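[1] Return atomic coordinates for the entry below.
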Amino acid sequence: MDTRSNGPLGILAILPFLVKGALSLAVLRAMRERGLDVSVAFHTHSSHYTPDPAEDFAAAGRLIDLSDHQGPSGIEALDDIIRERRIGLVLQIGSPWAYRQLPYLKERHPGLRILDTLYNKISHTQNHFLYEACFDGVIVESEDMRRYVLDCTAKPDPGVRLIESGVDLIHFTPSPPTPRPPGGLVVGYVGRMSPEKNPLGFVELAEALHARQPALSFLMFGEGNMAEEVRARIATSPASGVIRYEGFVNDSSTALAQLDVLIVPSKFDGRPNVVMEANACGVPVIGAPVGGIPELIEPGRNGYVFAPGEYDSIAAVLAGWASDPAAYARARTICRAVAEARFDRHRAFDTYEAVFREFLALARTTPYAAAVD
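    I've put the predicted structure just below:
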């Protein structure tokens, strides 16, 4: 028996694909900088999102392409990785493929610790509950998701760890305000072009606002499987002259610097980074009352919580800011203050590190059925 008492244990993070700007990769990079041995495995290549080549992980020999192991060879490949790299903790981060491998991994390595990460109530969350017997814990980012997991679990203690994410307050910082024509504000959408994010809802909102306040203009940034549908919808919109779809942006701070107000019209969501990024840039946010969004917004300070169909309420807020530049300037200042008080990602990284080290320590104390040396 190997109790793994000698030498450090590693972490294996399994993702479906690598997306540029993903929070998960930012966390994993921070953990490497803090001295943890982190390997990243992926098994597909997305055709809808700009990939992150993860050259830093590759250069360190810590990037693993599992795309040739979609069938029965998957468990053997993971078993080899766990043995050869002395893995004590597996992080399952949104990979449908990985869920199916976990029962076999747990059977072969009973002391291996496995954590799931759940950002919202859709996507792979159903798989979590199908396979939750395999998990030693689950990481969530919002109180809304913590309650959801506790309400749905079949386990007496699912090991929920709430880690409120944050953003880089040095990178995301206010830009000088851009002069606007009287009554004019630039209202924007920054996010995935996917059903849960509701980009078409933003277009509908833009149409309604344009009819009420013709001086407003609208910008959309992002990519995803709904991109062409969104482009087509804008092209036929009665407000097409004031709505521009800019597509993918390499850095969301570039997009936010062009906006006066961010709209987050999600149908489902977790704790969207873009709300915190916008506030850090001094941009107030009007967000939908779903998921963890209301936990981020202090109404009347760093934004407001309205459903995207509450046209009159949203129009009233925008009209107030557009007609009173001093009030809007105060809102920008408050947004930055809220971000500094609540959204510093270094606090989140501290908590991630503590959680990962906690489970690595547990792995070290449990005898393993298979030797790794």
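[2] all strands for the stretch 101-250 of the chain, in order.
    For the stretch 101-250 of the chain, the strands defined by DSSP state E, counting those that start in this stretch occupy 113-118, 137-140, 160-162, 186-190, 217-221, 243-247.
[3] how close does the closest residue in space to residue 193 that isn't next to it in sequence get to residue 86?
    Sequence neighbours aside, residue 224 is the residue nearest to residue 193 in space, at 3.5 Å (criterion: Cβ to Cβ, 6 or more residues apart in numbering). No exception for glycine: its C-beta is placed from N, CA and C like everyone else's. Relative to residue 86, residue 224 is positioned 37 Å away (Cβ to Cβ, to the nearest Å).
[4] same thing with residue 197?
    As for residue 197, its distance to residue 86 is 39 Å (criterion: Cβ to Cβ).
[5] Among those two, which residue is more densely surrounded?
    residue 197 (25 against 17; other Cβ atoms under 10 Å).
[6] Touching, the more buried one and residue 266? I think so.
    Yes - if you go by Cβ atoms under 8 Å, residue 197 and residue 266 touch, sitting 5.4 Å apart.
[7] quick revisit: now the strands of the stretch 101-250 of the chain as a markdown table including mean neighbour count?
    Output for those, formatted as a markdown table (neighbours: other Cβ atoms under 10 Å):
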| stretch | mean neighbour count |
| --- | --- |
| strand 113-118 | 24 |
| strand 137-140 | 22 |
| strand 160-162 | 17 |
| strand 186-190 | 25 |
| strand 217-221 | 22 |
| strand 243-247 | 17 |
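[8] burial measure for residue 71, as a count.
    The tally of other residues near residue 71 (other Cβ under 10 Å) stands at 7.
[9] Tell me the buried residues in stretch 287-302?
    Using 16 or more other Cβ atoms under 10 Å as the test for burial, stretch 287-302 gives 287, 288, 290, 291, 292, 293, 294, 295, 296, 297, 298, 302.
[10] okay, now the domains of this structure?
    What automatic domain parsing lists as the domains of the chain is 10-166+345-365, 186-342.
[11] Which one of the ones you listed lies nearest to residue 177?
    Set against residue 177 and scored by Cβ to Cβ, these come closest in domain 186-342, at 7.2 Å.
[12] starting at the chain centroid, how far to the closest one?
    Distance of domain 186-342 from its chain centroid, counting by Cα atoms, centre = their mean, to the nearest Å, is 17 Å.
[13] Figure out the length between the terminal residues of it.
    This stretch, domain 186-342, spans 26 Å end to end (Cα to Cα, to the nearest Å).
[14] picking that back up, could I get the strands of the stretch 101-250 of the chain as TSV with mean pLDDT and distance to residue 59?
    Shown next, in TSV, are the strands of the stretch 101-250 of the chain (pLDDT from 0 to 100; distance: least, Cβ to Cβ, whole Å):
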stretch	mean pLDDT	distance to residue 59
strand 113-118	97	25
strand 137-140	98	27
strand 160-162	98	30
strand 186-190	98	31
strand 217-221	98	30
strand 243-247	97	30
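[15] Residue 261 is nearest to which of those strands?
    strand 186-190 (4.9 Å).
[16] In this structure, which helix is the longest?
    When the chain is parsed with DSSP state H, its longest helix is helix 345-365.
[17] Need the contact partners of it.
    Here helix 345-365 makes contact (Cβ atoms under 8 Å, 6 or more residues apart in numbering) with 3-5, 9, 11, 26-27, 30-31, 34, 36, 88-89, 111-113, 115, 136-137, 139, 161, 163-169.
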